[in-house]
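Peer 1: predicted structure and sequence below. I'll ask about it afterward.
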Amino acid sequence: MDYLKFDNDKLYEKIQHNEKVDYVLLNGWVRTNRDNGSIGFIEFNDGTYFNNIQLVYTLENVKENYSKIKAIKTGEAISCKGKVILTPNNRQPFEIQVDDIDVLGTVSDDYPLQKKRHSFEFLREIAHIRPRANTFYALYKVRSVLAMAIHEFFQTNNFVYVHTPIITSNDCEGAGQVFDVTTKGKDPFSFFKQHVNLTVSGQLHVEPFALAYKKVYTFGPTFRAENSNTPRHAAEFWMIEPEIAFADLNDDMKLIQDCVKYCIKYVLDKCPNEMNFFNTMIDKTLMDRLNHVLNSDFKVVTYTHAIDLLSDAVKNGHKFENNNIVWGMDLQSEHERYITEHIFNCPVFLIDYPKEIKAFYMRLNDDNKTVAACDLLVPSVGELVGGSQREERYDLLKKRMEELNMNGLDWYLDTRKYGGCKHAGFGIGFDRLLMYITGMSNIRDVQPYPRTANSIKY
């Protein structure tokens, strides 16, 4: 008998296209094994397709091997030989009638994943095992596809991908929440001969490339020493940061809208089974919410108008945790969500923020109080994207940096002296975007090995 070696995804594809397949060889892992005395059922997956394949073994078919096969445990790696049986009237379009199974990798009795629902808190303690659990099996596939969506969006729009440094002497945001990089020994700064840290953003380093290539982006790891034990904060995360030359804030907002919509549609198209799982098991409003974004025109609202709207809400009896709404405050997630969910019911760009609560590189508006910044607010999350037109005027940028005592950025100022032009860009936290697209509520669950304050295991 000739058994053709198949992956799950290729086998499903063949069956869906009505191509004849008889005898197959499959290598993968056991999700569950249920024995009914003379017939047994194994839920099998090899990692190439979200849906399992059902392996059916009977006393008649496997004879003396029945006792060996029924003893196979959840999680064991196996090689299965069998015949494809079409089952168009069942939930699954086909199953495998087992001829023989070899165990390639056994599982000890303390295997932590069993046929029951495990809490996300428990699964965080076994990050090296949890990709085998249904939620995380779906999640990390979507993470991979979403990363490809980012690259395909920018590459098809003729952006140049720039690798910005992870070790740097600069603090892009100027907040001081950086991880120092040192060497062991008497003088911790002996290697670079100066203070250096892990990057908090690739923006400053990618901007000069925009002044050569016009459209560039960076997509890589960033680090914040922010001691925040919240579901949205991590010490290590990935950022998507494009930069476009000869562009203002309106151009920036159009690029943001196009990018977000492209990524959502890409994932919906490429991961239908995984997204159906998230809509069923994690957030039953997920698909409606994502499709609403796809079909919405994003509103543009000034920060000042948003403050007025929030003040009116308080006057009319709405209770925020922070009810002290004043111009100049940094809006909290509850305020952002109220604006996008209760007032406009669609994604909203908030623009023209007070300069005191935004970064030094943002372009000063003519009122000398606000900057040409935008935050994209989306329902159920609040802020998803932050962007701005950059301050291209040398004197104003230099003055702002002096006000904030920012040193060591002469090279950055040079970009305004040597053929500078107006330009703009934005940053998307990749992990937060993944949370939004999957409905997951904790950043510790969307990162393969989360790095958060107070503990690190791996």
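Peer 2: Yes, it's here.
Peer 1: ok, and the closest non-adjacent residue to Lys5?
Peer 2: Spatial nearest neighbour of Lys5, chain neighbours left out: Leu25 (4.6 Å); criterion: Cβ to Cβ, 6 or more residues apart in numbering. Glycine gets a C-beta too; all of them are placed from N, C-alpha and C.
Peer 1: ok, the one you found - contacts?
Peer 2: Tyr3, Leu4, Lys5, Phe6, Ser79, Cys80, Lys81 (Cβ atoms under 8 Å, 6 or more residues apart in numbering).
Peer 1: in a strand, Leu55, correct?
Peer 2: Yes. Looking at Leu55 with DSSP: H, G, I helix; E, B strand; the rest coil, it is inside a strand.
Peer 1: so who does it touch?
Peer 2: Phe41, Ile42, Glu43, Phe44, Cys80, Gly82, Glu95, Ile96, Val98, Ile101.
Peer 1: now do 6 Å
Peer 2: Residues in contact with Leu55 (Cβ atoms under 6 Å, 6 or more residues apart in numbering) are Ile42, Phe44, Cys80, Ile96, Val98.
Peer 1: distance of it from Asp312?
Peer 2: Using Cβ to Cβ, to the nearest Å, Leu55 is found at 62 Å from Asp312.
Peer 1: before we move on, what about Gly202?
Peer 2: For Gly202 relative to Asp312 (Cβ to Cβ), the value is 39 Å.
Peer 1: neighbour count: these two, which is higher?
Peer 2: Taking neighbours as other Cβ atoms under 10 Å, Gly202 and Asp312 compare with Gly202 leading, 26 against 12.
Peer 1: what pLDDT does the model give the spatially closest residue to that one that is not a sequence neighbour?
Peer 2: Distances taken as Cβ to Cβ, 6+ apart place Thr164 nearest to Gly202, at 3.4 Å, with adjacent residues excluded. On pLDDT, Thr164 comes in at 97.
Peer 1: got the contact list for Thr164?
Peer 2: Gly202, His205, Val206, Thr218.
Peer 1: tell me how far it lies from Gln203.
Peer 2: 8 Å.
Peer 1: repeat for Ala313
Peer 2: 34 Å.
Peer 1: buried residues, whichever strand or helix holds Ser311. List them.
Peer 2: Ser311 belongs to helix 303-315 when assigned by DSSP states H and E. Neighbour-count burial for helix 303-315 flags Tyr303, Thr304, Ala306, Ile307, Leu309, Leu310, Ala313 (criterion: 16 or more other Cβ atoms under 10 Å).
Peer 1: okay, now the unreliable bits of this structure?
Peer 2: By pLDDT under 70, the weakly predicted segments of the chain are 174-175.
Peer 1: so which residues of the stretch 151-300 of the chain form strands?
Peer 2: Counting by DSSP state E, counting those that start in this stretch, the stretch 151-300 of the chain has strands at residues 160-161, 167-168, 197-198, 215-223, 236-245, 299-302.
Peer 1: off-centre distance for the longest one?
Peer 2: Spelled out, it's strand 236-245. 13 Å (Cα atoms, centre = their mean, to the nearest Å).
Peer 1: and it, what does it pack against?
Peer 2: helix 203-213, strand 215-223, strand 423-429, helix 430-438 (3 or more Cβ pairs under 6 Å, 6 or more residues apart in numbering; DSSP states H and E).
Peer 1: residues touching the last one, excluding its own?
Peer 2: The one in question is helix 430-438. Val142, Arg143, Leu146, Phe237, Trp238, Ile240, Val267, Phe278, Val381, Ile443, Val446, Gln447.
Peer 1: check the spacing between the second one and Ile126 real quick.
Peer 2: Distance of Arg143 to Ile126, computed by Cβ to Cβ: 18 Å.
Peer 1: again with the fifth one
Peer 2: Distance of Trp238 to Ile126, computed by Cβ to Cβ: 23 Å.
Peer 1: neighbour-wise, which of these two wins?
Peer 2: Shown here are Trp238 and Ile126; by other Cβ under 10 Å, Trp238 has more neighbours (20 against 14).
Peer 1: need the contact list for the more buried one.
Peer 2: Here Trp238 is in contact with Pro221, Phe430 (Cβ under 6 Å, 6+ apart).
Peer 1: partners of it in the sheet?
Peer 2: Pro221 (DSSP bridges).
Peer 1: any idea how far it lies from Asn33?
Peer 2: For Trp238 relative to Asn33 (Cβ to Cβ), the value is 38 Å.
Peer 1: isn't Lys73 right next to Val107, touching?
Peer 2: Yes. Counting by Cβ atoms under 6 Å, Lys73 does reach Val107; the two are 4.7 Å apart.
Peer 1: who touches both of those two?
Peer 2: With Cβ under 6 Å, 6+ apart, Lys73 and Val107 have no common neighbours.
Peer 1: count of neighbours near the spatially closest residue to Asn442 that is not a sequence neighbour?
Peer 2: Spatial nearest neighbour of Asn442, chain neighbours left out: Pro231 (4.2 Å); criterion: Cβ to Cβ, 6+ apart. Close neighbours of Pro231, defined as other Cβ under 10 Å, add up to 13.
Peer 1: what separation is there between Pro231 and Leu376?
Peer 2: Distance from Pro231 to Leu376, by Cβ to Cβ: 20 Å.
Peer 1: likewise Ala234?
Peer 2: Taken as Cβ to Cβ, the span from Ala234 to Leu376 is 20 Å.
Peer 1: how about Ala212?
Peer 2: Using Cβ to Cβ, we find Ala212 at a distance of 28 Å from Leu376.
Peer 1: ok, the two, which is more surrounded?
Peer 2: Neighbours were counted for Ala212 and for Leu376 using other Cβ under 10 Å; Leu376 has more, 25 against 10.
Peer 1: on the three-state scheme, that one is what?
Peer 2: strand.
Peer 1: and it, what are its bridge partners?
Peer 2: Phe349, Val385.
Peer 1: and the closest residue to Lys14 other than its chain neighbours, how many neighbours does it have?
Peer 2: Excluding its sequence neighbours, the residue lying closest to Lys14 (Cβ to Cβ, 6+ apart) is Val21, at 5.1 Å. Other residues lying near Val21 total 15 when counted by other Cβ under 10 Å.
Peer 1: what about Val21, which SS state?
Peer 2: Val21 ends up coil, using three-state DSSP.
Peer 1: any idea how far it is from Pro93?
Peer 2: 12 Å.
Peer 1: circling back to that earlier point, out of the contacts of Leu55, which end up buried?
Peer 2: Ile42, Phe44, Cys80, Ile96, Val98.
Peer 1: element containing the third one?
Peer 2: Using DSSP H and E, the secondary-structure element containing Cys80 is strand 77-86.
Peer 1: got the contact list for that strand?
Peer 2: 3, 21, 23-27, 29, 55, 94-105.
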